[in-house]
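Enquirer: From the sequence below, what's the structure:
(one chain, ligands or ions: 1)
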Amino acid sequence: MPDRRTVELGRMSWQEIAEIVPDNPVILIPVGAVEQHGPHMPTNGDSMIAEHVARHAAEASGAFVAPVLNYGASLQFRGFPGTVSIQPHTLELLLRDICGELVRQGFRRLIFVNNHGGNQQPCEQVARDLRREHGVVVGSIYPWNLGYALMRDTYDDPTTVYGHGGEPETSTMLALFPEDVRIDLMSGSEPNRSGRFTPRKAMSVDIEGQDIGGTVYLDYEEFYPNGVTGDPSLGTAERGRIWAERVIGYAVDFITTYARATATADPSPSA
Ligand SMILES: [Zn+2]
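Expert: Okay, the predicted model is just below:
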């Protein structure tokens, strides 16, 4: 936006923030996680990407960005050093407090830019409570997940490369934070097939006599010793630039649609 010094609330003074409240702007709330993403990627990647997407989408759409919430619910990765998980209930309480503070100050248009699957349920719970208690309609943008949907045409077979610490995560990090990617360690690993269950994909296991897999809640390292699913070796900075363009482009359209739909007065709660 033309005459704005910054879209980041955390870099604005209280007076600058007070000035924007009457405009009822859309506030993006980036949520990440501190967790392993394989030997080649940093543990703070979910948060770094959430913050990056939120900031660029805000700059292009007229929204503002709250300070990123760095910690998330990463229970399945606690076997890896560097993973610092909070309980889903703790995250829910944190998000309730953060959103409650924003609503109390008069911000009524909120969008989570959550970049980690384990955070989805707490985000939804808080969003539904805000709807019921304050009439606020909360949106949700999930960059990694959007990347899975928007990048399929760039791979011969997306199913073999997509994954945690695989693609398109590796490409994205190579494009946006190249200094934090260990190119020499960009490889997948064979899943452990010697355990009680045979892994198919992520947390899905083979079920005898069936073509579709089943879910068992083992810890990640029991299936994937180096923490990676998919194939990071196809990662390139060029593909990462395409990711950023498409995902941020989607986020801008999402915010524009949301802003238009919530422009007129307070929608009332449904129940
Ligand atoms: Zn994650």
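
Enquirer: Give the bridge partners for the nearest residue to residue 193 once chain neighbours are set aside, please.
Expert: Of all residues not flanking residue 193 in the chain, residue 199 sits nearest, at 7.0 Å (C-beta to C-beta, 6 or more residues apart in numbering). Just so you know, the C-beta spots here come from the backbone N, C-alpha and C atoms, and that holds for glycine as well. When bridges are called by DSSP bridges, residue 199 pairs up with residue 205.

Enquirer: wait, doesn't residue 199 sit right on residue 189?
Expert: No: under the criterion of C-beta atoms under 8 Å, residue 199 makes no contact with residue 189, lying 11.6 Å away.

Enquirer: one step back: could you check how far the residue nearest to residue 193 is from residue 144?
Expert: 20 Å (C-beta to C-beta, to the nearest Å).

Enquirer: what sits against the residue in the stretch 1-150 of the chain positioned nearest to the ion?
Expert: As assessed by C-beta to the ion, the ion sits closest to residue 116 within the stretch 1-150 of the chain, at 3.7 Å. By C-beta atoms under 8 Å, 6 or more residues apart in numbering, the contact set of residue 116 is 31, 32, 33, 35, 46, 72, 73, 74, 144.

Enquirer: which of these sit farthest apart?
Expert: 73 and 144 (15.0 Å; C-beta to C-beta).

Enquirer: For the residue nearest to residue 94 when sequence neighbours are not counted, give its distance to residue 227.
Expert: Leaving aside its sequence neighbours, residue 94 sits nearest to residue 69 (C-beta to C-beta, 6+ apart; 6.6 Å). In this view, residue 69 and residue 227 are 23 Å apart by C-beta to C-beta.

Enquirer: next one: residue 123
Expert: 24 Å.

Enquirer: Please apply the same query to residue 30.
Expert: 23 Å.

Enquirer: Which secondary structure state is assigned to the residue located most distally from the centre of the chain?
Expert: The centre of the chain is farthest from one residue, residue 209, which by C-alpha atoms, centre = their mean lies 35.6 Å away. In three-state terms, and counting by DSSP: H, G, I helix; E, B strand; the rest coil, residue 209 is coil.

Enquirer: What pLDDT is listed against it?
Expert: We have a pLDDT of 97 for residue 209.
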